[in-house]
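Colleague: Return atomic coordinates for the entry below.
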Amino acid sequence: GEATVIGALQHKYKTGFTLSVFAQIAQFNKPLTRDPNKKPLLLRISFEDELTQNLQFLYQYLKYDETLEFVDIKSVTADEATKYVKSKLSETGFHVKMMRVDPSQWTYRSVCNRVIELEAQGYSVEVVMLDYLAKLPTTGCADNGALGNDMMDLLSRMRNFFSARGTAFITPHQF
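Modeller: Below you'll find the predicted structure:
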């Protein structure tokens, strides 16, 4: 039920940092779901970068950590990278789902609905990482008052939703 916002200026490695954290959560933790009949899930939704970019980053990150040798990503197919990343990130028992969504097509309710759908499919959603929340429209959020209130309401709604589920929520935010 923890919420974390990773703040930094533009082009200061927020996505790289959060992808690294995502991998480390999967690699260095064992899932402890409240319901043993549920499959523990780590979910990453990008509203910014293409899925192939994230998978290439993770492939290089994980492969270098394993071999301590330079990784030429140009010689690796998307399928190879996907299989390798999925295999490495599920070794401790987590299921991992990553997706890229056009933020103009979603709202915070879409994120909530996706999590509810995954729970209905038998997952216990342990961590949700949104890269990054500020790209979502603030449709349905309070937009009265000072500039930025809608964004604060969006963050609050996400934090409250995930906190009620006991799900860790992480998002980078540009300052």
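
Colleague: which SS state does the residue in the chain sticking out farthest from the centre fall under?
Modeller: Within the chain, Gly145 marks the point farthest from the mean C-alpha position, 30.3 Å out by CA atoms, centre = their mean. Following DSSP: H, G, I helix; E, B strand; the rest coil, we place Gly145 in the coil state.

Colleague: Mind jotting down where the strands sit in this protein?
Modeller: Listed in chain order, the strands of the chain (DSSP state E) span 3-8, 39-46, 95-100, 123-131, 168-174.

Colleague: right, and these - which one's nearest Phe162?
Modeller: Closest of the strands of the chain to Phe162 is strand 168-174, at 3.9 Å (criterion: CB to CB). Backbone N, C-alpha and C define where each C-beta goes, glycine included.

Colleague: Let me see the mean pLDDT of the closest one.
Modeller: Averaged across strand 168-174, the pLDDT comes to 83.

Colleague: got JSON lines for the strands of the chain, with mean neighbour count too?
Modeller: Converted to JSON lines, the strands of the chain look like this (neighbours: other CB atoms under 10 Å):
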{"stretch": "strand 3-8", "mean neighbour count": "15"}
{"stretch": "strand 39-46", "mean neighbour count": "22"}
{"stretch": "strand 95-100", "mean neighbour count": "17"}
{"stretch": "strand 123-131", "mean neighbour count": "23"}
{"stretch": "strand 168-174", "mean neighbour count": "20"}
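
Colleague: Adding distance to Val21, write those out as CSV.
Modeller: Formatted as CSV, the strands of the chain follow (distance: least, CB to CB, whole Å):
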stretch, distance to Val21
strand 3-8, 8
strand 39-46, 10
strand 95-100, 13
strand 123-131, 8
strand 168-174, 7
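
Colleague: Run through the bridge partners of the residue nearest to Glu50 when sequence neighbours are not counted.
Modeller: Leaving aside its sequence neighbours, Glu50 sits nearest to Arg100 (CB to CB, 6 or more residues apart in numbering; 5.6 Å). Per DSSP bridges, the residues bridged to Arg100 are Ser46.

Colleague: and Arg100, what does it touch?
Modeller: Arg100 makes contact with Ile45, Ser46, Phe47, Asp49, Glu50, Leu51, Asn54, according to CB atoms under 8 Å, 6 or more residues apart in numbering.
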